[in-house]
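1. How does the following fold in three dimensions:
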Amino acid sequence: MFKHTGGETVRQGFYWNADKWAVTLVQHQGGTLPGEATERYAKVPVFAMLLVAPIMGALYVLFLPCIGVAMVLDYAARRVAAAIKDGALALLASIAPQWRPGEAYLAERKRRKAAKKAKETEKKDETK
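-> You can find the predicted model right below:
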């Protein structure tokens, strides 16, 4: 069905690009199709275009309000999601432990052992 590519010289008529959902009109005795060679086009007969164009227009008119409502709902949902995300990040930042890369507690065990020995020696000294 897709026999033409972008940049190709074709006869006049309507050419449909399925990737972009766009119809290109080539006027006069011929012309080149827009786009790169990776874009594919199909020639649409004039009679089919006369039947499809009003249907496409009617669908556009019918679905335009739905699209508007969907866009407003999408906008509102994104705002609510952003507010929830910001609130959750603020909550997590307030309860998360502070990271202090300059501080290291590598000698903690030695201090505990020394404190324990000191207490033991104090107890021995007190009992004597």
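2. Where do the strands of this structure begin and end?
-> Per DSSP state E, the chain carries strands over the ranges 4-5, 9-10, 13-17, 22-26, 31-32, 40-44.
3. for the helix ranked longest in the chain, what is the average pLDDT?
-> Counting residues, the longest helix in the chain under DSSP state H turns out to be helix 46-95. Averaged across helix 46-95, the pLDDT comes to 92.
4. got the CA positions of stretch 25-40 in CSV?
-> Provided in CSV are the C-alpha atoms of stretch 25-40 (Å, rounded to 0.1, in the frame of the first residue of the first chain):
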residue,chain,number,x,y,z
LEU,A,25,-1.5,17.6,-1.7
VAL,A,26,0.8,17.5,-4.7
GLN,A,27,-0.4,20.1,-7.2
HIS,A,28,0.2,20.6,-11.0
GLN,A,29,1.8,17.9,-13.1
GLY,A,30,3.9,16.5,-10.3
GLY,A,31,6.2,17.4,-7.4
THR,A,32,8.2,15.9,-4.7
LEU,A,33,6.9,14.5,-1.4
PRO,A,34,8.1,16.3,1.7
GLY,A,35,10.3,14.6,4.3
GLU,A,36,13.2,12.2,4.3
ALA,A,37,13.5,8.9,2.5
THR,A,38,12.3,7.0,5.6
GLU,A,39,8.8,8.5,5.5
ARG,A,40,6.3,6.4,3.6
